[in-house]
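Asks: One predicted model, sequence on top.
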Amino acid sequence: MSVNFPPLSSKQLLLLGVIALYFAIVCSVTLGPMDISIAQSMGALLPENLRGNWLSTEIPTHIALVIQQIRLPRTLLAIAVGAILAICGTVMQGLFRNPLADPGIIGVSAGASLGAAIAIVLFGSLAQSYPMLLMFGTVPLFAFLGGALSTILVYKLGTSSTGTSVTMMLLAGVAIGALAGAGLGLLNYYADDQALRDLSLWSMGSLAGANWGNLSLAYGALIALFILFYRDASALNALLLGESEARHLGIKVQALKRRLILLAAAGVGVTVAVAGMIGFIGLIVPHLGRMIGGPNHKSLLPLSMLLGALLLLVADMIARTIVAPLDMPVGIVTALLGAPFFIWLLVKQKGRI
Amino acid sequence: MQQNSAHNPTQNPATLASAQAALSFKNLHLELGKKTILRNVSAQFNYGQLTVLLGPNGTGKSSLLKVITQELPIRGEVFFNQKTVQNWCSRALAKQVGVLPQSSSLVFNFSAQEVVELGGIALDCANAEIQHLAKQNMQRTDTQHLATRSYPSLSGGEKQRVHFARVLTQLEQSGAKKVLLLDEPTAALDLSHQHQTLTLAKQLAEQGAAVVIVMHDLNLAAQYADRVMILNNANIVADGTPWEVLTEDNIEQVYQCKTRVIAHPDLGYPMVISAI
């Protein structure tokens, strides 16, 4: 299944990824109920003085407005959320030393959603008066707490000194998923109409709520997470050898694990707060990344970030167009892509679990 | 008994005592569940010596290494270069003390060379230099031809040699005085690689390293060890040169096996053969 020795260097792969991402952005901005030409969207993505001859088409105000207020924020949110989920999935797979770890599958997203839902229902009435406070404060915070608690629980149940038991990890995920599902169901009864609508959005995962407010939260988180994860790339590589081997190599394993668990949970928490539960990105992307560029986290993390952005952006384009003019939650698309992939992985690991 | 003087089988115990201690430990105690694994074990491993730890399965040889490397909780005292190990910075320790585990699993598809380069995490050098060191050490462990192979596809013995190269890479900045703790490094190896690995370990010891090897093959131990220790019933029951420790009585007591010990006809080290 694997390409051991990439014909392209990791820098070339990243460059390729950036180019692909640019075209995906242009497509994403072009697609939608209002007709916008490719030249117009390419033009709108550049400042006026940089638009060349063939892009210098006049961009009507209403088109510029749609791009600025609707399509570009949504595109950018897809990129940030996809990238965060992908690097968090990469780190979790490294941490669990297992290619089946994914924030969605092991219950971290479910825990984060429950946290977010509690915040929405408890503090929903505050939202009318202080929407920004809600966005930046309680929902991400509660989502983070829910995600962190679930990760710690799964980790405690699933890992021992000899390594990670996949069975325990997946079953713990099932248990947390069921518990969070029950909690969410219970909250439905306490929620008022507005909160109920928010809740259903959260449980499916959607990028429709993109605005410049949650974009700044998402990009802040992405940049911080990427820098912090990247600093631990070597330590993550060492951890793949096993905890004691990593310790023998001078890594402070306990502190490393604690740090990575909290950071990954924070990342998942932010994505849940801004876009709800979007599954499988964190599962698929690290696999693709390893197949293309190898398992070294120094190249895998940046590559995963790009691939995750690309994958969620494409999934969102599908979600927006497949039942147009309606807008399908993107979580459905990622599940449709991801669940068969997960089954394929299970088949491959059959007998080893 | 004819002994080959070149191999000095009856090394003077005084040189053992005066050698410089790399790792020493006092009154180590370990209980797992209700079972006492180590009971007040004290000893030291010296620079310039290859020490072999022998003993029946489950007598705490690996556990002793795990306590020394702080993988299991220390009850008692462990010193590295006369300083309590807990007071060493983990990175500084990693540069000087390398551990080769019995087996290690690696799920993801690293190439063999990448695994060896992981040893460079402990070092302060540029990537290019680490790659260079990794290549060198793969040559020393006869794994250079595996460099581009994917690690999970290697055989058990090949994996073991790749990890040996990784540990050697980890210790590249230690100078001659390094500590190598090898847990059954020859278990999965074929005959020629057993000798190759142990010869390399012996060379390192001659250059000044403290090498500690856990193994089960008494004859390999006798051939390569400067010093042999036997662990039995949670304690060290014999400690000395191969000729002092590998006696028919000791072996019968520890392994409940009747054997005869004879001198190797050419090399002079003790050979343990079946008495039946």
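Replies: Sure, I can see it.
Asks: CA only for contacts and neighbour counts going forward, please
Replies: Will do.
Asks: Could you pull out the strands in chain B for me?
Replies: B:21-32, B:35-46, B:50-54, B:77-80, B:83-84, B:97-100, B:179-183, B:210-214, B:227-232, B:235-240, B:259-263, B:270-274 (DSSP state E).
Asks: can you put those in TSV and add distance to chain A, mean pLDDT and mean neighbour count?
Replies: Output for these, formatted as TSV (distance: least, C-alpha to the nearest C-alpha, whole Å; pLDDT from 0 to 100; neighbours: other C-alpha atoms under 10 Å in any protein chain shown):
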stretch	distance to chain A	mean pLDDT	mean neighbour count
strand B:21-32	14	92	19
strand B:35-46	18	93	18
strand B:50-54	20	97	26
strand B:77-80	14	94	21
strand B:83-84	16	92	13
strand B:97-100	7	96	26
strand B:179-183	11	96	24
strand B:210-214	15	96	26
strand B:227-232	23	95	24
strand B:235-240	24	94	18
strand B:259-263	37	94	18
strand B:270-274	34	92	19
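Asks: CSV for those, including distance to B:Ile68?
Replies: Formatted as CSV, the strands of chain B follow (distance: least, C-alpha to C-alpha, whole Å):
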stretch, distance to B:Ile68
strand B:21-32, 8
strand B:35-46, 11
strand B:50-54, 14
strand B:77-80, 6
strand B:83-84, 11
strand B:97-100, 11
strand B:179-183, 10
strand B:210-214, 12
strand B:227-232, 15
strand B:235-240, 15
strand B:259-263, 32
strand B:270-274, 30
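Asks: who wins for proximity to A:Ala324 among the ones you listed?
Replies: strand B:97-100 (59.7 Å; C-alpha to C-alpha).
Asks: Any idea which residue is closest to the centre of the chain?
Replies: No chain specified, so I'll use chain A. In chain A, the residue lying closest to the centroid (C-alpha atoms, centre = their mean) is A:Leu85, at 2.3 Å.
Asks: other chain: chain B
Replies: Central residue of chain B (C-alpha atoms, centre = their mean): B:Ile213, at 2.1 Å.
Asks: which residues does it contact?
Replies: B:Leu50, B:Thr51, B:Val52, B:Leu53, B:Leu181, B:Leu182, B:Asp183, B:Glu184, B:Pro185 (C-alpha atoms under 8 Å, 6 or more residues apart in numbering or on different chains).
Asks: contacting residues for the residue in chain B that chain A sits nearest to?
Replies: Closest residue of chain B to chain A, C-alpha to the nearest C-alpha: B:Arg91 (4.2 Å). Going by C-alpha under 8 Å, 6+ apart, B:Arg91 touches A:Leu249, A:Gly250, A:Ile251, B:Ala122.
Asks: Excluding sequence neighbours, find me the nearest residue to the residue nearest to the centre of chain A.
Replies: A:Gly282 (5.2 Å; C-alpha to C-alpha, 6 or more residues apart in numbering or on different chains).
Asks: Give the rounded mean pLDDT of the helix or strand hosting the one you found.
Replies: Secondary structure assignment for A:Gly282, by DSSP states H and E: helix A:281-293. Per-residue pLDDT over helix A:281-293 has a mean of 91.
Asks: likewise stretch A:212-228?
Replies: 93.
Asks: ok, now stretch A:317-332?
Replies: 86.
Asks: So for it, first residue to last residue, what's the gap.
Replies: 12 Å (C-alpha to C-alpha, to the nearest Å).
Asks: Give me the residues contacting it.
Replies: The contact list for stretch A:317-332, computed with C-alpha under 8 Å, 6+ apart, reads A:28, A:31-33, A:201, A:204-207, A:277-279, A:315-316, A:333.
Asks: Quick one: buried ones out of those residues?
Replies: Using 16 or more other C-alpha atoms under 10 Å in any protein chain shown as the burial test, these include A:28, A:31, A:201, A:204-207, A:277-279, A:315-316, A:333 as buried.
Asks: Looking at those residues, which is nearest chain B?
Replies: A:Gly279 (22.4 Å).
Asks: Assess the claim that that closest one and A:Ala101 are in contact.
Replies: No. Counting by C-alpha atoms under 8 Å, A:Gly279 does not reach A:Ala101; the two are 11.8 Å apart.
Asks: where's A:Leu256 relative to B:Glu77, distance?
Replies: 26 Å.
Asks: Might you list the low-confidence residue ranges for the chain?
Replies: No chain was given, so I picked chain A. A:1-7, A:48-57, A:124-136, A:160-164, A:166, A:201, A:349-353 (pLDDT under 70).
Asks: look at chain B instead
Replies: In chain B, residues with pLDDT under 70: B:1-19.
Asks: what number of residues lie near the residue in chain A that chain B sits nearest to?
Replies: Residue of chain A nearest chain B, by C-alpha to the nearest C-alpha: A:Gly250 (4.2 Å). A:Gly250 sits with 23 neighbouring residues when counted by other C-alpha atoms under 10 Å in any protein chain shown.
Asks: was I right about it contacting B:Trp88?
Replies: No. A:Gly250 is not in contact with B:Trp88 according to C-alpha under 8 Å; the separation is 10.6 Å.
Asks: what about the helix or strand hosting A:Ala112, distance to the chain center?
Replies: Following DSSP H and E, one finds A:Ala112 within helix A:108-129. Distance of helix A:108-129 from the chain centroid (C-alpha atoms, centre = their mean, to the nearest Å) equals 19 Å.
Asks: can you pull the buried residues of it?
Replies: A:108-121, A:124.
Asks: For B:Ser103, see how far away the closest residue to B:Val116 other than its chain neighbours is.
Replies: With sequence-adjacent residues excluded and distances taken as C-alpha to C-alpha, 6+ apart, B:Val116 is closest to B:Arg166, at 4.0 Å. When distance is defined by C-alpha to C-alpha, B:Arg166 is 13 Å away from B:Ser103.
Asks: Those two: which is more packed in?
Replies: Higher neighbour count among B:Arg166 and B:Ser103: B:Arg166, with 28 against 14, using other C-alpha under 10 Å.
Asks: ok, now which ones touch that one?
Replies: B:Val115, B:Val116, B:Glu117, B:Leu118, B:Gly119, B:Gly120, B:Ala134, B:Asn137 are the contacts of B:Arg166 under C-alpha under 8 Å, 6+ apart.
Asks: And the strands in the stretch 151-300 of chain A?
Replies: A:159-160, A:163-164 (DSSP state E, counting those that start in this stretch).
Asks: shouldn't B:Leu123 be in contact with B:Ser174?
Replies: No. With contacts counted by C-alpha under 8 Å, B:Leu123 stays clear of B:Ser174, the gap being 9.6 Å.
Asks: okay but the residue nearest to A:Leu85 is in contact with A:Cys88, surely?
Replies: Yes. Counting by C-alpha under 8 Å, A:Gly282 does reach A:Cys88; the two are 6.6 Å apart.
Asks: Give me the common contacts of those two.
Replies: With contacts defined as C-alpha under 8 Å, 6+ apart, the residues shared by A:Gly282 and A:Cys88 are A:Pro103.
Asks: check contacts around residue 273.
Replies: Looking at chain A here, since you left the chain open. Contacts of A:Ala273 by C-alpha under 8 Å, 6+ apart are A:Ser113, A:Ala116, A:Met135, A:Val139, A:Pro140, A:Ala143, A:Trp202.
Asks: look at chain B instead
Replies: B:Thr259, B:Arg260, B:Val261, B:Ile262.
Asks: still on that earlier bit, quick one: which of the contacts of B:Arg166 is nearest B:Val228?
Replies: B:Asn137 (27.1 Å).
Asks: What sits closest to that closest one if chain neighbours are left out?
Replies: B:Ala165 (5.1 Å).
Asks: Would you confirm that the one you found contacts B:Ala134?
Replies: Yes. Assessed by C-alpha under 8 Å, B:Ala165 is found in contact with B:Ala134 at 7.1 Å.
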